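**Q** Structure here, sequence nowhere to be found:
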């Protein structure tokens, strides 16, 4: 069960934000302290499966051929064949649009080298490089997990943002997601919660409410 302080902060953030004509995300902004992010091992790059989900559609794309491509059609949003990889490599604008439109990518393991060579310069900097899966795997469990996953990346910045859901979700569910996410982040920091200087909760366009 979520902490009462967490519930109160999220409730205040949602109630203080004007209603919009689109489903606003709710996110947390975290400020780190005493962390040298110029050292690669200190940077965060984590995928966290939120216990109460994202609250909105998360688009997953798969690079695959043969039976894997066939099995995946019912569970992913887009299947890209090996032939289409070459088409994308020759059209950088289309490749960038693909990288921006889809949240997560999977790839049949044997295709990873060609994807890295042909599309790595587009997918890599955006944190969109595919996760490899065996050709005989069932992609459904991984896809279900990804649809509830958020990625936390600090790069070189001590302040970073992570979504915890959308404002139409129950406040208690958002609070559960926030508590879980912060615990996962703390577990990856050298000094745990003492490396978190402050945290704020807000909707996409709403005011920030201090949480920590």
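**A** Arrived safely, thanks for sending. What you are looking at is a predicted structure, and each value in this text was computed from that prediction instead of being measured.

**Q** Tell me which stretches of this structure form strands.
**A** Assignment of strands within the chain using DSSP state E yields the ranges 25-32, 45-49, 60-63, 78-80, 104-108, 131-133, 149-153, 159-166, 196-203, 209-210.

**Q** can you list these in TSV and add mean neighbour count and mean pLDDT?
**A** Heads up, the C-betas are built off the backbone N, CA and C, glycines and all. Compiled in TSV, the strands of the chain are given as follows (neighbours: other CB atoms under 10 Å; pLDDT from 0 to 100):
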stretch	mean neighbour count	mean pLDDT
strand 25-32	21	97
strand 45-49	15	93
strand 60-63	25	98
strand 78-80	20	97
strand 104-108	23	97
strand 131-133	17	96
strand 149-153	18	94
strand 159-166	20	96
strand 196-203	19	97
strand 209-210	16	95
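
**Q** quick one: which of these is nearest residue 94?
**A** When those are ranked by proximity to residue 94, the top entry is strand 78-80, at 11.2 Å, counting by CB to CB.

**Q** The closest one - which strands sit beside it in the sheet, and in what orientation?
**A** Strands that pair with strand 78-80, judged by DSSP bridges, come out as strand 60-63 (parallel).

**Q** Would you format the strands of the chain as CSV with distance to residue 14 included?
**A** Compiled in CSV, these are given as follows (distance: least, CB to CB, whole Å):
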stretch, distance to residue 14
strand 25-32, 7
strand 45-49, 21
strand 60-63, 28
strand 78-80, 32
strand 104-108, 27
strand 131-133, 33
strand 149-153, 18
strand 159-166, 10
strand 196-203, 6
strand 209-210, 9
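
**Q** Longest helix in the chain, please.
**A** Ranked by number of residues, the top helix in the chain under DSSP state H is helix 171-188.

**Q** helices or strands next to that one in the packing?
**A** helix 4-16, strand 25-32, strand 45-49, strand 149-153, strand 159-166, strand 196-203 (3 or more CB pairs under 8 Å, 6 or more residues apart in numbering; DSSP states H and E).

**Q** Need the residues that contact it.
**A** 1-3, 6-7, 10-11, 14, 26, 28, 30, 44, 46, 48, 50-53, 55, 150, 152, 162, 164-165, 192-193, 195-196, 199, 201, 211-212 (CB atoms under 8 Å, 6 or more residues apart in numbering).

**Q** mean confidence for that helix?
**A** On average, the pLDDT along helix 171-188 is 96.

**Q** What residues sit buried inside it?
**A** 171, 173-182, 184-185 (16 or more other CB atoms under 10 Å).

**Q** what angle separates that helix from strand 25-32?
**A** Calculated by axes from the mean of the first three to the mean of the last three CA atoms, to 10 degrees, helix 171-188 forms an angle of 30 degrees with strand 25-32.

**Q** Including distance to residue 129, could the helices and strands packed on helix 171-188 go into CSV?
**A** Shown next, in CSV, are the helices and strands packed on helix 171-188 (distance: least, CB to CB, whole Å):
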stretch, distance to residue 129
helix 4-16, 32
strand 25-32, 23
strand 45-49, 11
strand 149-153, 12
strand 159-166, 19
strand 196-203, 28
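
**Q** Residue 116: which of those is closest?
**A** For residue 116, the closest of the helices and strands packed on helix 171-188 is strand 45-49, at 17.3 Å, according to CB to CB.
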